[in-house]
Each structure stands twice: as structure tokens, then as C-alpha cells.
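>>> Next input, structure requested:
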Amino acid sequence: MQKLVIASRESVLAMWQAKHIQSRLQQLYPEMEISILGMTTQGDQILDKTLSKIGGKGLFVKELEQALLDGRADLAVHSIKDVPMQLPEAFALTVITEREDPSDAFVSNQYQSLADMPAGAVVGTSSLRREAQVRARYPQLEVKPLRGNVQTRLRKLDEGQYDGILLATSGLKRLELEGRIRTTLVPQESLPAAGQGALGIETLANALEIQALLAPLNDAQTAACVTAERALARALNGSCQVPLAAYATEENGVLTLNGLVAHPDGSVVLTAQAQAPVAYADGLGRAVAKKLADDGAHTLIQAVLAQA
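I've put the predicted structure just below:
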């Protein structure tokens, strides 16, 4: 192959991610012409509603998948947490790259941490997962929706629309905005979303030549962790409409997976944990999902969806 085209959303962060993959591929294949096809997705256009109300994660992916089908692009780069748990049959998540910091970050011009905020202070987040965990831990705070790209969200904070906001640490670091972070939240305080901090490369399922070219970018440790996290979310039909968290770590060939399902108002929070060898990542995800289900996760999810 002489040429590769990378499909990407056009937000500053998405383009950083695409350029990062472009430069890594260029190092591997200096003779190859590698370009980026920037696209605006539905998720980028509808900014006045929360993701859970407009159809969830797939909104950031569909147009990129169409470009793959049409042959306009060979691969698409995504934040893994934006990729739906079930991919259509024609596509494959070929590569999962080494993970950046998976934590959530607290950003504020007035307060050092969520714990420092007075009753009634307003916290902005676009994520029901973050919202539920904040409400459970800090019921005195007011949580309001916050959409838009990273720069837009920071501007809304700086304009005084919020007293503090929660963002993915990885996005702020990639955009060299870590100076805005007051504190990063430990997993016990805010368990991350499945795949948070990792990038995924999607191709057509039958594009074997392209998959072989991309293989060196795969990070085995991150891939095992993300496989377990996504298996958990998939088993519980995880979507943007339900506060669901899944976070795995690896040590000496053993994965530890923590899972969480909650009501958006923080009134119910279910958690579970299990360990398994790396080779059983998928099974580990299903096992922790079953623990959560045995504790009432399905009933909780149905109740949340009925109210959505």
C-alpha cells in the first residue's frame, strides 16, 4: 500500500488524536503517504442536548464508519469511550493504543477540589457516570449539563456559568491544558468510563492488509484492560443513558476490574470487583457484570431507561 487515509472528527482533540496516529504510522512507514480526512459528526453538531438524550455514543462514529464503507478512508481514530460497545458487523476495532491517564479531572477557577465546594455550587459535566458519582458523594452540590468541545467547556467555566467542571484528564493533557487541572479524581472517587484515556483504531472487518500495517500500534496491556471494561459494559447493555463505569488495571499478568452502575441522582450505586489472568479479559468483564446484575443492576438500568 502506498497511501492511507485516516478519518477523524474535526474537534481540536480529535485532530490531535488523528495526527498522533498519523505520525506514529509515518515513523513506521516513511515512504507511505498518510493523510487525514476531517469530518463533522452529528454529535459535534447537536450541542444543546445531553448525549444521553440524542442517541448516545454512536453519534460520533457513524459518519466516520460511512467514510470507511465508501472507501474514502482506510481507518478511523476514536476515543475508545466514544465507540459503541457493539460495532456493526462490517467493522472491527483493530488497535487499542497505550493509555493516557484514565482519570477524571476537576477544573475550577475558585476551588481546589469537589470537597472544597460549598453547598449549592454548580458542577458541570456531560456524563451521567460522573454526575451520578458526584451526586452520591456530594449531594449538596448542584450538577448541570455541559456540552461542547474541551475549549468550549473551559470557556463556559471561565464565563462563570459553572463553579467547577469535570473533564477527562487525558484530553486536557493531550491539548497541553493540564495546567487547568486542580485535582485528578482517584478511581474510588470517580470510577472512569470503559476505555477512558485510550485511543482505538477502527477499520473494515475484512481489511486484513490495513490491519497488519496497524498491528504495531496495539498496546497489549491497554488492550486487555479495555477488553475487560468493554465486555462488562456490553454485558449490561451500557450506553450513555445509564451511569456505568468500568476500570481495569494489570499487574504481573493479572487484571483487576472494578465496575459500577448507578442511578443518575446518586441514590443507588452498585459496585463490584474481580480478578483474572490477562488471557481471560473478556470473561472477567462478563463476571463482574454478573456480580452487578446479581445485585440488581438490570432492574436499576431498566428503571433509569424508563425515566430517560
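>>> show me where the stretch 1-150 of the chain has helices.
All helices of the stretch 1-150 of the chain, identified by DSSP state H, counting those that start in this stretch, fall at 12-28, 42-45, 51-54, 62-70, 128-137, 150-158.
>>> Lys81: which of those is closest?
Checking these against Lys81 by CB to CB gives helix 128-137 as the closest, at 9.6 Å. C-beta coordinates here come from the backbone N, C-alpha and C atoms, glycine included.
>>> Packing partners of the closest one?
Other helices and strands packing on helix 128-137, by 3 or more CB pairs under 8 Å, 6 or more residues apart in numbering; DSSP states H and E, are strand 122-125, strand 142-145, strand 244-251, strand 254-262, strand 269-277.
>>> got these as CSV, with distance to Ala76 columns?
Output for the helices and strands packed on helix 128-137, formatted as CSV (distance: least, CB to CB, whole Å):
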stretch, distance to Ala76
strand 122-125, 26
strand 142-145, 27
strand 244-251, 23
strand 254-262, 27
strand 269-277, 30
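>>> Including mean neighbour count, mean pLDDT and distance to Glu100, could these go into a markdown table?
Compiled in a markdown table, the helices and strands packed on helix 128-137 are given as follows (neighbours: other CB atoms under 10 Å; pLDDT from 0 to 100; distance: least, CB to CB, whole Å):
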| stretch | mean neighbour count | mean pLDDT | distance to Glu100 |
| --- | --- | --- | --- |
| strand 122-125 | 22 | 97 | 19 |
| strand 142-145 | 16 | 95 | 25 |
| strand 244-251 | 23 | 97 | 14 |
| strand 254-262 | 23 | 97 | 19 |
| strand 269-277 | 17 | 97 | 23 |
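>>> Among the helices of the stretch 1-150 of the chain, show me which one is buried the most.
Mean neighbours per residue, mean count of other CB atoms under 10 Å, is largest over the helices of the stretch 1-150 of the chain for helix 128-137, with a mean of 24.
>>> Could you list the low-pLDDT ranges of the stretch 151-300 of the chain?
Filtered on pLDDT under 70, the stretch 151-300 of the chain yields the residue ranges 238-240.
>>> ranges for the helices of the stretch 201-308 of the chain?
Ranges of helices in the stretch 201-308 of the chain, per DSSP H, counting those that start in this stretch, are 208-214, 220-235, 281-294, 297-307.
>>> For Ser11, which of those is the nearest?
Closest approach to Ser11 among those (CB to CB): helix 220-235, 21.6 Å.
>>> Quick check: buried residues in that closest one?
Within helix 220-235, the residues scored as buried using 16 or more other CB atoms under 10 Å are 221-235.
>>> and stretch 164-173, how far from the chain's centre?
Averaging C-alpha positions (CA atoms, centre = their mean, to the nearest Å) puts stretch 164-173 12 Å from its chain's average.
>>> Other residues contacting it?
Contacts of stretch 164-173 with the rest of the structure, by CB atoms under 8 Å, 6 or more residues apart in numbering, involve 13, 79, 81, 99-108, 110-111, 114, 117, 121-125, 127, 130, 134, 146, 150, 153-154, 156-157, 178, 180-182, 184-185, 190, 196-197.
>>> Dump it to PDB, restricted to CA.
What follows is stretch 164-173, C-alpha atoms only, in PDB (Å, rounded to 0.1, in the frame of the first residue of the first chain):
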ATOM      1  CA  GLY A 164     -16.300  23.800  38.600                       C
ATOM      2  CA  ILE A 165     -16.400  21.300  35.800                       C
ATOM      3  CA  LEU A 166     -15.300  17.600  35.300                       C
ATOM      4  CA  LEU A 167     -13.400  16.600  32.100                       C
ATOM      5  CA  ALA A 168     -11.200  13.600  31.100                       C
ATOM      6  CA  THR A 169      -7.700  14.200  32.300                       C
ATOM      7  CA  SER A 170      -6.400  12.600  29.100                       C
ATOM      8  CA  GLY A 171      -8.000  15.200  26.800                       C
ATOM      9  CA  LEU A 172      -6.600  18.100  28.800                       C
ATOM     10  CA  LYS A 173      -3.100  16.500  28.800                       C
END
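>>> heads up, I number from 47, so please use that
Let's use 47 as the start, then, which means that last one is stretch 210-219.
>>> ok so, going back, out of the helices of the stretch 247-354 of the chain, which comes closest to Val307?
The nearest among the helices of the stretch 247-354 of the chain, by CB to CB, is helix 343-353 at 4.5 Å.
>>> Can you point out the buried residues in that closest one?
Buried positions in helix 343-353, judged by neighbour count with 16+ other CB under 10 Å: 343, 346-347, 350.
>>> Let me know the closest of these to Ile247.
Closest approach between those and Ile247, by CB to CB: Ile347, at 29.7 Å.
>>> I'd assumed Ala308 was in contact with the closest one.
No: using CB atoms under 8 Å, Ile347 makes no contact with Ala308, being 10.1 Å away.
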